[in-house]
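# Attaching a predicted model along with its sequence, questions to come.
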Amino acid sequence: MKKVAVILAGCGVYDGAEIHESVLSLLAIEQAGASWHCFAPDMNQHHVINHAAGEESGETRNVLVEAARIARGDVKPLSELNVNEFDALLLPGGFGVAKNLSTFATSDADMDIEKEVLRVCKAFATAEKPAGYVCISPVLIPKVYGPGAKGTIGNDPQTAAAFNAMGGEHIDCPVDDFVLDQSRRLLSTPAYMLATSVSQANAGIAKLVRKLVELA
């Protein structure tokens, strides 16, 4: 059975991993005949958002502990992820990617990627193992894969401009499809960058995951 490593950025669309995208990704991995294995950096979140009020709560929460809510406790520290033990990599979206896994939310094209996240993503790229990036997570692609790497966040002009400014080649993509950078074995799909429903998000995620497992 092929094994897919999944990096979660916490729990919750505004400050962590997007829950719908994460669960849809895990479901799609199982439906494709593979197994999923969740990881998250053991670090404090950038901040915590009260999702009912849409405001900062002033709390402190840990990315790994929060990610365990999605994984039903079955999550390991990202520092323990060994690329040699897995066939593919998948990163769901959510603003935690831009706040916890990177500084994109505050630095735009001048962002940095958290060191363990960068290590793992680069390890899969170097090993030429397929990787899938969902929703906002494709903003990491240019920093991981270097100039010319192809990816999509849908069609938002500002985010696409930042993607290109970092050296990537942004490709507009509808919600029910994905972009494949064949030479890099790299896939991306817009999901909730464009989706207005769970079923719309699922359309692109399911296609991406099927191809990801096929390439693994």
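Received the coordinates, thanks. Numbering: from 1, shown residues only.
# Touching, E18 and L91? I think so.
No: counting by CB atoms under 8 Å, E18 sits too far from L91 to count as a contact (10.7 Å). C-beta here means a position set from N, CA and C on the backbone, and glycine is covered the same way.
# who touches the least confident helix or strand in the chain by mean pLDDT?
Within the chain, no helix or strand scores below strand 55-56, which has a mean of 90 by mean pLDDT, DSSP states H and E. Strand 55-56 has contacts (CB atoms under 8 Å, 6 or more residues apart in numbering) with 47-50.
# In strands, which of those fall?
Using DSSP state E, the subset of the contacts of strand 55-56 located in strands is 49-50.
# Which of the contacts of strand 55-56 lies at the shortest distance from G12?
Minimum distance to G12 across the contacts of strand 55-56 is 6.8 Å, recorded for I49 (CB to CB).
# got the contact list for the closest one?
Here I49 is in contact with 12, 14-15, 55-57 (CB under 8 Å, 6+ apart).
# cutoff 10 Å now
By CB atoms under 10 Å, 6 or more residues apart in numbering, the contact set of I49 is 12-16, 55-57, 59, 95, 99.
# among those residues, which are in strands?
Using DSSP E, the contacts of I49 in strands are 55-56.
# For PyMOL, write a command that selects the buried ones of the contacts of I49.
Here is the PyMOL command that selects the buried residues among the contacts of I49 (16 or more other CB atoms under 10 Å):
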select buried, resi 12+13+14+15+16+95+99
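# Give the buried residues for the helix ranked longest in the chain.
Secondary structure of the chain per DSSP state H: the longest helix is helix 198-215. By neighbour count on 16+ other CB under 10 Å, the buried set for helix 198-215 is 200-213, 215.
# ranges for the strands of this protein?
Ranges of strands in the chain, per DSSP E, are 3-7, 35-40, 49-50, 55-56, 75-77, 88-91, 131-134, 150-151, 169-170, 179-181, 186-189.
# Could you export these as CSV, including distance to A162?
Shown next, in CSV, are the strands of the chain (distance: least, CB to CB, whole Å):
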stretch, distance to A162
strand 3-7, 21
strand 35-40, 24
strand 49-50, 22
strand 55-56, 24
strand 75-77, 29
strand 88-91, 17
strand 131-134, 15
strand 150-151, 12
strand 169-170, 9
strand 179-181, 16
strand 186-189, 14
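# For D110, which of these is the nearest?
Using CB to CB as the measure, strand 169-170 is the one of the strands of the chain that comes nearest D110, at 17.1 Å.
# packing partners for the closest one?
Other helices and strands packing on strand 169-170, by 3 or more CB pairs under 10 Å, 6 or more residues apart in numbering; DSSP states H and E, are helix 141-145, strand 150-151, helix 157-165, strand 179-181.
# Point out the most buried one among the ones you listed.
Ranked by mean neighbour count, those are led by strand 150-151 with a mean of 26 (mean count of other CB atoms under 10 Å).
# Give the pairing partners of that one; include direction for each.
Using DSSP bridges, strand 150-151 pairs in its sheet with strand 169-170 (parallel).
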